[in-house]
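Enquirer: just coords:
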């Protein structure tokens, strides 16, 4: 009797201890999950909701509350769930992040009050607010879409191709924390690309993307100025006529006083800037760069495709080729120059060369007259003492409306601009491509076989196995 009692006590104690241990493990697991949250995207093949280290650094440095107000209908909007999950990831990094999902169908009164206070006029809008300052982000700021025809309704179907809310949100936080405007001044009156031009050779798209990164693009006439002021970046985008000597001196003084500039010079154009750039350790080639190794089929060999990049913040995140419609070489004069430290950003393959006979219709490398490759088409220079930064490209067409969306062109251009204004923190935050769901297409016979297996074969197999087990037990 005593042994049975002892056995029951021991068994009961073991059960109680096991329950306590399981409970403790559950509590510990939940505590660890709350303190070190991790989320995984099992639907998308890309890390759609994994925020970058740069964003984490910004969120960890927050010392004031950041509020997100999301105006979106969860039934109609493809953005709703993605924004919600992304903002949860933001909140997991910083307790200073708060967000409110506002459903315009269910929360009509709330929507009216908030929309009036926050000045919201359209759906699928996110308002980022810090203190009294706020930034309104539209659907197009947070995603890129592709439209296709709906054969059933005759209308259009909108498919999301890129989700770029992280860059929009982090950029908005930076703007609200540091409300100072950044100005990129584009020179005019020398045949440059027009930032207000909507045609193929205009740069209105580049202007729009700069504004998304909180950089305001404006024109500037140098001829009547005594000095360049209120300019964070001076942009010279494909001039076709020479700059006057006083304009060149103006640019020189601007750079010598710690200015930042992006210079894009097309082949076969005398801009008068080559001697100036030479002072900053940059050589502008009088050639056209050709690379037959990466020539696009059926296109001219001067349509340059570059995929070899330097290990630099501007280019280290570029995952595809940059398309330069026609480019000249841009190279470093002295690699050992420590005052104007230069770096080649984009180079051709070993088979590339600089064709000096630019009037020829056929391109063939001549060891005596041509420039032997690999050739560089983009160089940056920095003077750490004065703070001067200079980026020079051998082509300006890559940033036009026609070509900005091709390959890595847009990222290359924007990354360079952010480097020039010393905002490397935004360079590594790029849009995330939406992975398309894979559909399995079955014919009628395959569908019939699947139906037979699921509805007939599997249940029948269970009955057969059960009957066999019954017979064996009876024996």
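Expert: Received the coordinates, thanks. Note that the structure is a prediction, hence the values are computed from the model and not measured.
Enquirer: Counting residues, which helix of this protein comes out longest?
Expert: The longest helix of the chain (DSSP state H) is helix 2-35.
Enquirer: and the next element down the chain from it?
Expert: helix 53-60 (DSSP states H and E).
Enquirer: in that next one, what's buried?
Expert: Within helix 53-60, the residues scored as buried using 16 or more other Cβ atoms under 10 Å are 54-56, 58-59. Heads up, the C-betas are built off the backbone N, CA and C, glycines and all.
Enquirer: Off-centre distance for it?
Expert: Distance of helix 53-60 from the chain centroid (Cα atoms, centre = their mean, to the nearest Å) equals 16 Å.
Enquirer: Report the inter-axis angle for whichever helix or strand comes after it versus helix 53-60.
Expert: Remark: after helix 53-60, the chain's next helix or strand is strand 66-71, criterion DSSP H and E. Strand 66-71 runs at 110 degrees relative to helix 53-60, counting by axes from the mean of the first three to the mean of the last three Cα atoms, to 10 degrees.
Enquirer: can you list contacts of whichever helix or strand comes after strand 66-71?
Expert: Downstream of strand 66-71, the next assigned helix or strand under DSSP H and E is helix 79-93. Applying Cβ atoms under 8 Å, 6 or more residues apart in numbering, the external contacts of helix 79-93 come out as 37, 39, 48-51, 55-56, 59-60, 68, 70, 72-74, 97-99, 101, 124, 126, 139, 142-143, 160, 163, 165-166, 169.
Enquirer: What angle do helix 79-93 and the longest helix of the chain make with each other?
Expert: Going by the same axes, to 10 degrees, helix 2-35 makes 110 degrees with helix 79-93.
Enquirer: and helix 2-35, what's its mean pLDDT?
Expert: The average pLDDT within helix 2-35 is 75.
Enquirer: got it, and stretch 401-412?
Expert: 91.
Enquirer: What of stretch 347-354?
Expert: 90.
Enquirer: now stretch 130-146
Expert: 81.
Enquirer: and what of stretch 456-475?
Expert: Rounded mean pLDDT across stretch 456-475 is 78.
Enquirer: chain center to that stretch, what's the gap?
Expert: Computed by Cα atoms, centre = their mean, the separation of stretch 456-475 from the middle of its chain amounts to 59 Å.
Enquirer: list the buried ones in that stretch?
Expert: Result for stretch 456-475 [16+ other Cβ under 10 Å]: no buried residues.
Enquirer: burial count for residue 320?
Expert: 12 (other Cβ atoms under 10 Å).
Enquirer: same deal with the one 3 residues further on?
Expert: Counted with other Cβ under 10 Å, the neighbours of residue 323 add up to 23.
Enquirer: quick one, what contacts residue 136?
Expert: 118-120, 125-127.
Enquirer: so how far is stretch 292-309 from its chain's centroid?
Expert: 24 Å.
Enquirer: can you list contacts of that stretch?
Expert: 288-291, 315-316, 318, 320-327, 345-352, 363, 374, 377, 395, 407.
Enquirer: Same question for stretch 213-224.
Expert: Applying Cβ under 8 Å, 6+ apart, the contact partners of stretch 213-224 are 167, 171, 174-175, 181-189, 195, 206-207, 210-211, 228, 231-235, 243-244, 246-247, 250-251, 414, 417-418, 421, 423, 426.
Enquirer: Helix or strand next in line after the lowest-mean-pLDDT helix or strand in the chain, which one?
Expert: Least confident helix or strand of the chain, by mean pLDDT, DSSP states H and E, is strand 432-433 with a mean of 66. Counting by DSSP H and E, the element after strand 432-433 in chain order, helix or strand, is helix 444-452.
Enquirer: Tell me which other helices or strands that following helix touches.
Expert: In terms of contacts (3 or more Cβ pairs under 8 Å, 6 or more residues apart in numbering; DSSP states H and E), helix 444-452 is not packed against any helix or strand.
Enquirer: Next, the angle helix 444-452 makes with the helix or strand following that helix.
Expert: Under the assignment DSSP H and E, the closest C-terminal helix or strand after helix 444-452 is helix 458-474. Relative orientation of helix 458-474 and helix 444-452, computed by the same axes, to 10 degrees: 30 degrees.
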